[in-house]
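>>> Kindly return the folded structure for what I paste below:
(one chain, ligands or ions: 1)
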Amino acid sequence: MANRKPFIAGNWKMHKTCTESVETAKRLKEIGAGLTDIDIMIAPAFTSLYAVFDVLKGSNILLGAQNVFWKNEGAYTGEVSPVMLTSVGCIYAIIGHSERRSYFQESDELINQKIAAAARNGLIPVFCIGETEQERDADKTKNVLDKQLTKGLQDIALDDLKTLVVAYEPVWAIGTGKSATTEQAQDAHAFIRGKLNSILGSSMAEQIRILYGGSVKPGNIGELMKTPDIDGALVGGASLEADTFGEILKYRG
Ligand code: 13P
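Now for the predicted structure:
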């Protein structure tokens, strides 16, 4: 089996002022020191990115954005391009989060353009997929994951996807305190890896990290990480407080 390095990421969503972000990042930098056996990312709001980048310099915590536009520049009021994000130190960009799909009507086609633009510009996409509760109840989980993966990755050069990260975030588990069981999550992750195999080939599918997201906390990360296809976590609420996120980062004890 491929030796995939665990990856734990914090999505701060629309939380924290710039000052608050800097304070949390400072504490995380202390907590993360010496944790070299995992990759760590935090994704603050756009307004805090540069200040947090400055704090994280010299640490093993990398910076991510929560969204990105699909063009490098132009008359697109209010949008932020991949080039702008790399210029403030972003290594990753979360793309296709279910909150963007539902509140901002982001389609699979638009997400595909964002993934392509990010990857082309050297920004690593953290590509989010996941089914709603209604879709799971109707036994459509795998159809939904299949469609989101196929459309999201369509016509993107394999070379551009070498560093891709996928995040499986069942919508019903986000912010609800109701995490997927390890069996449900592993089952979805194995399906996703199989699908990546058919789209990108086996060596890439074995190498791509698939994160689980949805009510991850210090109490359930250890079990999730024991499964063969869960390579890390995308953490929302429990990433906002540095010491709690630190407990998740130190899930091995
Ligand atoms: P919670 O961890 O708050 O459920 O959020 C998960 C998420 O949406 C991360 O992107």
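>>> Just the C-alphas of stretch 33-46, formatted as PDB.
The C-alpha coordinates for stretch 33-46 follow below in PDB (Å, rounded to 0.1, in the frame of the first residue of the first chain):
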ATOM      1  CA  ALA A  33       6.600  22.400  16.500                       C
ATOM      2  CA  GLY A  34       8.100  19.000  16.100                       C
ATOM      3  CA  LEU A  35       5.100  17.400  14.500                       C
ATOM      4  CA  THR A  36       6.900  16.400  11.400                       C
ATOM      5  CA  ASP A  37       5.100  13.100  10.700                       C
ATOM      6  CA  ILE A  38       1.900  14.900   9.500                       C
ATOM      7  CA  ASP A  39       1.200  17.600   7.000                       C
ATOM      8  CA  ILE A  40      -0.800  20.500   8.600                       C
ATOM      9  CA  MET A  41      -2.800  23.200   6.900                       C
ATOM     10  CA  ILE A  42      -5.000  26.000   8.200                       C
ATOM     11  CA  ALA A  43      -7.400  28.000   6.100                       C
ATOM     12  CA  PRO A  44      -8.300  31.400   7.600                       C
ATOM     13  CA  ALA A  45     -10.500  34.000   5.900                       C
ATOM     14  CA  PHE A  46      -9.000  35.900   3.000                       C
END
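>>> How about the residues of this structure by the ligand?
11, 97, 169, 174-175, 213-216, 234-238 (C-beta under 6 Å from any ligand atom). (Glycine included, C-beta is placed from N, CA and C.)
>>> Buried among those? Need that as a selection in PyMOL.
Written as a PyMOL command, the selection of buried residues from the residues of the chain next to the ligand, which uses 16 or more other C-beta atoms under 10 Å, is:
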select buried, resi 11+97+169+174+213+214+215+216+234+235+236+237+238
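>>> any idea which of the residues of the chain next to the ligand is the one closest to Arg27?
Taking C-beta to C-beta as the measure, Arg27 sits nearest to Ala238 out of the residues of the chain next to the ligand, at 14.6 Å.
>>> any idea whether that closest one is helix, strand or coil?
Using DSSP: H, G, I helix; E, B strand; the rest coil, the three-state assignment for Ala238 comes out as helix.
>>> what's near enough to touch it?
Applying C-beta atoms under 8 Å, 6 or more residues apart in numbering, we find Ala238 in contact with 216-218, 244-245, 248.
>>> Just give me the closest of these to the ligand.
Out of these, the one with the shortest distance to the ligand is Val216. That distance is 5.3 Å, counting by C-beta to the nearest ligand atom.
>>> ranges for the helices of the stretch 51-200 of the chain?
In order along the chain, the stretch 51-200 of the chain carries the following helices (DSSP state H, counting those that start in this stretch): 82-87, 98-103, 108-120, 133-137, 141-153, 182-200.
>>> can I get those in TSV with mean neighbour count, mean pLDDT and distance to Tyr76?
Below are the helices of the stretch 51-200 of the chain laid out as TSV (neighbours: other C-beta atoms under 10 Å; pLDDT from 0 to 100; distance: least, C-beta to C-beta, whole Å):
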stretch	mean neighbour count	mean pLDDT	distance to Tyr76
helix 82-87	18	98	11
helix 98-103	16	98	16
helix 108-120	20	98	12
helix 133-137	14	97	32
helix 141-153	18	98	21
helix 182-200	18	98	29
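>>> how about those helices in TSV, adding distance to Thr163?
Rendered in TSV, the data for the helices of the stretch 51-200 of the chain read as follows (distance: least, C-beta to C-beta, whole Å):
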stretch	distance to Thr163
helix 82-87	13
helix 98-103	21
helix 108-120	8
helix 133-137	29
helix 141-153	13
helix 182-200	12
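>>> what's near enough to touch the residue nearest to Glu169 when sequence neighbours are not counted?
Nearest residue to Glu169, sequence neighbours excluded (C-beta to C-beta, 6 or more residues apart in numbering): Gly213, at 3.8 Å. Listed by C-beta under 8 Å, 6+ apart, the contact set of Gly213 reads 11, 128, 130, 167-169, 173-174, 233-236.
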